[in-house]
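S.K.: next comes the sequence, and after it the predicted model I'd like to discuss.
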Amino acid sequence: MDSQSHVLERLRTAFRSGITLPEEFRRTQLTNLLSMVRDNEEQILKALHQDLAKPKFESILSEVDIVVNELHYAISNFRNWMQPEYVAKSLATKLDECFVRREPLGVVLIIGPWNYPLQLLIVPLVGAIAAGNCAVLKPSEISSATDRLVAELIPKYLSQDCYAVVRGGSEQTKALLQNRFDHIFYTGRVPSATSASFKKDLLKDFI
């Protein structure tokens, strides 16, 4: 719990400093993430095969290519996403400048599932980075080879002040959920016996 608290404090300090706001920082992190996938594709495919016995073609199609396409799309478009979106004026705002400005939320948590351990962990990270957030990644311990590989690669390619990987099982996940996050990405389900309490923990700060 202490180590998790230290990680979160490091990320919150980085976010409050404004380091994630500039376009160039976001572009660098997204480009580095793309390099991570490209440079280590064979290791990724090997890990997916160890975890899920996925054939190479399926792993490329359902995991690697989806992540790569998401990265290319974000890199090409996030500059436009950062610009104000001007909206229609009403009689009351006729003399005003009316627009929607999108701002990052802060520190987000991404909980990955076991069955798509790369795609459903990294695709949300792409959006988090493009939006200017810091992120904690919690890979599924069930897909242990992918879990280990992600934990090894993320610190090598992304800013360690802004992005962190926390490993472990359900107890570590529950401990993470004791902390306040500004947004939680979670795709999947849990066993029915623990579903209600887990969802309560997951959503307690948002209801």
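M.R.: Nice, I can see it.
S.K.: for the spatially most central residue of the chain, helix, strand, or coil?
M.R.: With distances taken as Cα atoms, centre = their mean, the chain has Leu125 as the residue nearest its mean C-alpha position (2.6 Å). In three-state terms, and counting by DSSP: H, G, I helix; E, B strand; the rest coil, Leu125 is helix.
S.K.: shouldn't it be in contact with Leu137?
M.R.: Yes. Taking contacts as Cβ atoms under 8 Å, Leu125 lies within contact range of Leu137: 6.5 Å. Bear in mind the C-beta positions are built from the backbone N, C-alpha and C, glycine included.
S.K.: quickly list what's touching both of the two.
M.R.: Taking Cβ atoms under 8 Å, 6 or more residues apart in numbering as the contact definition, Leu125 and Leu137 share the neighbouring residues 110, 163.
S.K.: for Tyr86, list each beta-bridge partner.
M.R.: When bridges are assigned using DSSP bridges, the partners listed for Tyr86 are Phe99.
S.K.: OK, contacts around it?
M.R.: 97-99.
S.K.: same check, this time on Leu118
M.R.: With contacts defined as Cβ under 8 Å, 6+ apart, the neighbours of Leu118 are 44, 48, 63-64, 67, 146, 150.
S.K.: and with 6 Å instead?
M.R.: Taking Cβ atoms under 6 Å, 6 or more residues apart in numbering, we find Leu118 in contact with Glu63.
S.K.: tell me how far it lies from Thr13.
M.R.: Distance of Leu118 to Thr13, given as Cβ to Cβ, to the nearest Å: 29 Å.
S.K.: give me the pLDDT for the residue nearest to the centre of the chain.
M.R.: Leu125 is assigned a predicted lDDT (pLDDT) of 98.
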